[in-house]
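J.: compute the structure for the input listed below.
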Amino acid sequence: MSRVLLADARVLSCSGDPAERPVDGDVLLDGDTIVEVFRGRAPIDPAAVDVVDLAGATVLPGLCDAHTHISWPLDFVFDHPEITAMSDDEHALEVAGVVRTYLHAGYTLLVGAGALKPRVDVLVQRAIDRGLVEGPRLVPSGEMITQRGAIGAGNLREVGDPEEMRRAVGEQVELGVRSIKLMASGDGIVPGHPSQVTYLDDAMVAAAVAEAAAGGAFVTAHARGPESVRMCVRNGVRIVHHATYLDDESIAALTADRDDVWVCPGLHYLRQMVEGRAEPFGITPERVEAALYPEELRAQVDGIRKLHGNGVRFVAGGDFGHQWTRHGTYAAELVAYVELADLTPLEALLTATANAGPLVGERLGRVAPGYLADLVVLDGDPATDVSVLLDRDRIGAVVKGGRPVTAAWGGVERWARARAQAAR
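T.: Residues are numbered from 1 along each chain as shown. The predicted model follows:
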């Protein structure tokens, strides 16, 4: 039977209403789609559906991370050349472990933000779609592209003019890449490449956007300084990653184009660096200070507050994969929005749900009729405490396309009843 009724749930639809809280309800699924959401009990003959009793557990949309480097293995530290040199078959197995970890943490949609091997995102995305590998929906990325002789030379694809950019993007699109990642600025943690330095130029970025669009892809960009942010916005980049240093002009540009651009902060990464979490792995306090990361963190928090007040859409994404931003701790990015940038827990949650569907052009990120049935069944209310998403024991099920991927429906019922009984 393809029709499933999730009964006796607390439904958090992520409609965008800032006052929304979970409400008592039932959710009807038919195949991979949400058919109806009922207040209270559904007027449906139980014999006509498979009923899954959730015993008061919360149902919310599956989550999205829009800044993923799935090619960084589960035990990755900071050695990109080591991973680049790894044999392709060994590396593919590592990546399979990463996407499974995302899925089991409640993330049903990933947007790639650069890979250490040209085809690995695409190959894994195809394997997921065929059911060979367990993972989220994936918008695959490819090698990061930057200006010749600039940041990361040797590990990134380098271009010197618009024609080289067009060729590089075209080759990626032909491989199946759908998220083209540009490095439009420096990054202070890389010696000699401060975050406020801008790479590329308008002609190169415009060429990338046009070539990507012609092939059904879009462009994202690492842009930490205000000049690089403005350049990306005026040339149609869809996701601006970081946007840490902002001036009045770059804030105005992001605000004016807020219907077409998303900001993906990566706030947790900066926070972890500044708070010394990377020190056990060789990133000394002196190196963090030299990178000007404490100053950059303060600037980013101020920028997030201003952009949020102007209605600019954020989409969650945290540069996860380092040992100080470990795989599996992805919701820590949402916690940082609350604790540092003063978003409410629900506002933080919307960056990983309702804001993500329009980004990729899919009916995702809401519990509403006609949306794809990508869901998380949770013990707790992330609209009041988003950190509950970090506790794996509180995730009873992750549902992708109407199918539970972390437990059979019977196991979900047993989990829900046990949690409800323990709470009494």
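J.: helices along the stretch 51-200 of the chain, start to end?
T.: Per DSSP state H, counting those that start in this stretch, the stretch 51-200 of the chain carries helices over the ranges 80-84, 88-104, 120-129, 162-175.
J.: buried deepest among these, which one?
T.: helix 120-129 (a mean of 21; mean count of other C-beta atoms under 10 Å). Yep, even glycine has a C-beta here, placed from its N, CA and C like the rest.
J.: angle of that helix against helix 162-175?
T.: 20 degrees (axes from the mean of the first three to the mean of the last three C-alpha atoms, to 10 degrees).
J.: what residues does helix 120-129 touch?
T.: With contacts defined as C-beta atoms under 8 Å, 6 or more residues apart in numbering, helix 120-129 is touched by 70-71, 88, 91-92, 95-96, 99, 112, 115, 133-142, 175-177.
J.: so how far is it off the chain centroid?
T.: Helix 120-129 sits 17 Å away from the centroid of its parent chain (C-alpha atoms, centre = their mean, to the nearest Å).
J.: mind putting the helices of the stretch 51-200 of the chain into TSV with distance to residue 368 and mean pLDDT?
T.: Formatted as TSV, the helices of the stretch 51-200 of the chain follow (distance: least, C-beta to C-beta, whole Å; pLDDT from 0 to 100):
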stretch	distance to residue 368	mean pLDDT
helix 80-84	40	80
helix 88-104	22	94
helix 120-129	24	97
helix 162-175	32	98
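J.: name the helix or strand of the protein that has the lowest mean pLDDT.
T.: helix 80-84 (a mean of 80; mean pLDDT, DSSP states H and E).
J.: now that one - C-alpha only, PDB.
T.: C-alpha atoms of helix 80-84 as PDB (Å, rounded to 0.1, in the frame of the first residue of the first chain):
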ATOM      1  CA  HIS A  80      43.600  18.600   0.800                       C
ATOM      2  CA  PRO A  81      46.600  17.300  -1.200                       C
ATOM      3  CA  GLU A  82      46.500  14.000   0.700                       C
ATOM      4  CA  ILE A  83      42.900  13.400  -0.300                       C
ATOM      5  CA  THR A  84      43.500  14.500  -3.800                       C
END
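J.: distance between that helix and the chain's centre?
T.: Helix 80-84 sits 23 Å away from the centroid of its parent chain (C-alpha atoms, centre = their mean).
J.: now for it, which elements pack on it?
T.: Based on contacts counted as 3 or more C-beta pairs under 8 Å, 6 or more residues apart in numbering; DSSP states H and E, there is no element that helix 80-84 packs against.
J.: do that again at 10 Å, thanks
T.: When contacts are defined as 3 or more C-beta pairs under 10 Å, 6 or more residues apart in numbering; DSSP states H and E, helix 80-84 packs onto helix 88-104.
J.: domains in this structure, by residue range?
T.: In terms of domains, the chain is parsed into 3-61+365-423, 63-360 (source: automatic domain parsing).
J.: most tightly surrounded among those?
T.: The most buried one of these (mean count of other C-beta under 10 Å) is domain 63-360, showing a mean of 21.
J.: how long is it end to end?
T.: One end of domain 63-360 to the other measures 13 Å (C-alpha to C-alpha, to the nearest Å).
J.: do stretch 54-73 as well
T.: Span of stretch 54-73 from end to end, C-alpha to C-alpha: 35 Å.
J.: what does stretch 9-26 give?
T.: Start-to-end span of stretch 9-26 (C-alpha to C-alpha) is 6 Å.
J.: just how off-centre is it within its chain?
T.: 22 Å.
J.: quick check: mean pLDDT across that stretch?
T.: The average pLDDT within stretch 9-26 is 96.
J.: quick one, what contacts the residue positioned nearest the centre of the chain?
T.: Geometric centre of the chain, nearest residue: residue 65, 1.1 Å, by C-alpha atoms, centre = their mean. Contacts for residue 65 (C-beta atoms under 10 Å, 6 or more residues apart in numbering) come out as 102, 105, 107, 109-111, 113, 136, 264, 315-320, 330-331, 333, 352, 356.
J.: for it, name its beta-bridge partners.
T.: With DSSP bridges applied, the residues forming beta bridges to residue 65 are residue 110.
J.: how much space between it and residue 108?
T.: 10 Å (C-beta to C-beta, to the nearest Å).
J.: which residues are in contact with both of those two?
T.: Shared contacts of residue 65 and residue 108, counting by C-beta under 10 Å, 6+ apart, come down to 102, 136, 356.
J.: got the residues you listed as JSON lines, with distance to residue 167 columns?
T.: Shown next, in JSON lines, are the shared contacts of residue 65 and residue 108 (distance: C-beta to C-beta, whole Å):
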{"residue": "102", "distance to residue 167": "32"}
{"residue": "136", "distance to residue 167": "31"}
{"residue": "356", "distance to residue 167": "31"}
